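Peer 1: just the structure for this:
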Amino acid sequence: MEKRTFLEQEHKATGFKVFLASMEDSHVNHLIKLAQDPILADLVGWNTFFELDETEKFIEAISDYALPYSRKSKPIVFGVYLNPEDLPIGYVALKGLNMDLLTTEIGVAILDQKYRNKGYGKLALKRIANYTFDELKIQTIGAAILSSNKSSINMCKNLGFVVREIMYNSWAMPNGDLEDMVWMELTK
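Peer 2: Below you'll find the model as predicted:
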């Protein structure tokens, strides 16, 4: 079995830590179970209900991109862990990597309800942003967030993301309705 690399981020004031690492299929299956929460479909804007053996479909769903500079590419997906030996509480995904423009789009979700809105998503986003700028040499990270997802918009703003545009009626929700997306960017 391949040794997993963990990217660590600690919140200095609280001592909270998150670890980002590649996931085994059993860890993706754990996230699929967590994603069954109906609230998530409204927050992330895609059908979060998958069968346990649909790991490829799940990875494909979290890899959908919305920004105009994004390109079809293999996503880079990490699980978000509180302890490297435990199961993940969420994921971060770099998607739509455009190595010509040095841009990527990011997706972050804390799927485990008991860890939402506690700062773990912010720590994971901060760590993946550092990795993206330092290791991949990307210059601009974009985020497309449903305009109704105020906590994710505020999290990104707190980390320095700037609103570039409101993309009206640009995202098809699972029920077929079109929703507005907020296009935000963080530049190195």
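
Peer 1: could I get the full set of strands for the protein?
Peer 2: Assignment of strands within the chain using DSSP state E yields the ranges 7-10, 17-21, 76-81, 90-98, 103-110, 140-146, 162-172, 178-187.

Peer 1: next, the angle strand 103-110 makes with the fourth one.
Peer 2: Looking back up the chat, that one is strand 90-98. If you take axes from the mean of the first three to the mean of the last three C-alpha atoms, to 10 degrees, strand 90-98 sits at 170 degrees to strand 103-110.

Peer 1: which elements pack onto strand 90-98?
Peer 2: helix 25-34, helix 55-62, strand 76-81, strand 103-110, helix 120-134 (3 or more C-beta pairs under 8 Å, 6 or more residues apart in numbering; DSSP states H and E). Any C-beta I mention is one placed from the backbone N, CA and C, and that applies to glycine too.

Peer 1: just the fifth one next, same as before
Peer 2: When contacts are defined as 3+ C-beta pairs under 8 Å, 6+ apart, strand 103-110 sits against helix 38-44, strand 90-98, helix 120-134, strand 140-146.

Peer 1: contacts for that strand, please.
Peer 2: 40, 43-44, 62-63, 65-67, 69-70, 80, 89-98, 116, 120-121, 124-125, 128-129, 132, 136, 138-144, 152 (C-beta atoms under 8 Å, 6 or more residues apart in numbering).

Peer 1: what subset of these is buried?
Peer 2: Among the contacts of strand 103-110, those classed as buried by 16 or more other C-beta atoms under 10 Å are 40, 43-44, 62-63, 65-67, 69-70, 80, 89-98, 116, 120-121, 124-125, 128-129, 132, 138, 140-144, 152.
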